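Q: this one's structure only:
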Ligand code: CA
């Protein structure tokens, strides 16, 4: 039943994304550059897959059809976690994924994906475009024959779905939770057991009790998965992913082969897609949250302060250790943390102060 519901939700996402489908044959026929874009997501997957479609369509339109891009879902051309290598060697000219998947390539990639208790989506974009972050990302990926771009941001995620209440630090002890990356390491140090499962395994694992909790993204994506059918406690805030960046990577040789105007078009289309995803998440999360609460009786709860304080302290430790692994990771860490401290001084008296004032 649930599985059918999930597939049906994906189907609805695919239909909604129909207007963003890849270019018609007529456009591809006259294209000077015929590119492939491989992705780490099921084709047309809400937000992630549809962002890839949006990006491909924009590049085609902005280039007047001189570049055509065929988008491939995960496993259509390569498995989801081989996107980096496949674009690096030129199997495809472009890839759509997340830098946090490439920790095995270089530890520093994590700063371009998700940092627990790190910067918000807006702050991350400020660092990338105006704080030197993009230049460091380019320097890092250059070694892999890749040109990186930010193509989306999830905004603040949710802490996740829990079968039981989290009332204190003691409730994290022995908690089996699907939470990947640095956030998982933090949970481990708080006494929990992080488990890494792919998206497709999450629902049944939570349903059977094989795991006690899972995080995914936010209400819009989570509703499609149907987690509310097997766990009613939906906790916030997403301390582990406060503003995760998605990436569009381009094979360096393919990018170099483009004339200047087309290079600018590709870069600007990525920037547009980056802004678009953040806006889409804000818009769709709030309507999905409404459905979860009012139609499915989901209990939305805030993690207790002492739990957040402990997770924050552990996060600083874990992220600092990434910097200790090699000189380049330290360079990125220092840029990230210095910008983050400066940005938060401004955020505190602008966005944060305003949001508090609005809530009075
Ligand atoms: Ca997540």
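A: Yes, it's here. A quick note: this is a predicted structure, and the numbers were derived from the prediction, not measured. Numbers count the residues shown, from 1 in each chain.
Q: The ion contacts on the protein?
A: Within the chain, the positions near the ion by Cβ under 5 Å from the ion are 157, 241. In this view, the C-beta of every residue, glycine as well, is placed from N, C-alpha and C.
Q: Could you measure from residue 118 over to residue 341?
A: 11 Å (Cβ to Cβ, to the nearest Å).
Q: Likewise for residue 122?
A: 16 Å.
Q: Helix, strand, or coil at residue 177?
A: strand (DSSP: H, G, I helix; E, B strand; the rest coil).
Q: Any idea how many residues pack against it?
A: 23 (other Cβ atoms under 10 Å).
Q: Residue 212 is in contact with that one, correct?
A: Yes: between residue 177 and residue 212 there is a contact under Cβ atoms under 8 Å: 6.3 Å.
Q: so where is this structure shaky, pLDDT-wise?
A: Applying pLDDT under 70 to the chain picks out residues 1-29.
Q: what's the closest residue to residue 198 other than its chain neighbours in contact with, if anything?
A: Spatial nearest neighbour of residue 198, chain neighbours left out: residue 80 (7.9 Å); criterion: Cβ to Cβ, 6 or more residues apart in numbering. Listed by Cβ atoms under 8 Å, 6 or more residues apart in numbering, the contact set of residue 80 reads 39, 40, 41, 74, 97, 198.
Q: most surrounded residue in these?
A: Most surrounded of the contacts of residue 80: other Cβ under 10 Å gives residue 39, at 28 neighbours.
Q: How about that residue, nearest residue that isn't a chain neighbour?
A: Using Cβ to Cβ, 6+ apart, the nearest residue to residue 39 is residue 96, at 4.2 Å.
Q: before we move on, what about residue 67?
A: Residue 67's closest residue in space is residue 33 (Cβ to Cβ, 6+ apart), at 4.5 Å.
Q: for residue 195, same thing?
A: residue 178 (5.0 Å).
Q: That neighbour and residue 206, how far apart?
A: Distance of residue 178 to residue 206, given as Cβ to Cβ: 8 Å.
Q: Need the overlap of contacts for those two.
A: By the contact definition Cβ under 8 Å, 6+ apart, residue 178 and residue 206 are jointly contacted by 213, 214.
Q: Tell me where this structure has helices.
A: Using DSSP state H, the helices of the chain run over residues 2-16, 25-30, 48-62, 83-88, 121-130, 133-142, 181-189, 199-208, 219-225, 252-256, 260-294, 305-323, 327-349, 351-359.
Q: how about the one residue in the stretch 51-200 of the chain that gets nearest to the ion, phi and psi?
A: Taking Cβ to the ion as the measure, the stretch 51-200 of the chain has residue 157 as its residue closest to the ion, at 5.0 Å. For residue 157, the backbone dihedrals (degrees, to the nearest 10) come out as phi -90, psi -180.
Q: Spit out the contact partners of it.
A: Residues in contact with residue 157, defined by Cβ under 8 Å, 6+ apart, are 215, 216, 217, 218, 238, 240, 241, 242, 244.
Q: That's all I had, so thanks and see you.
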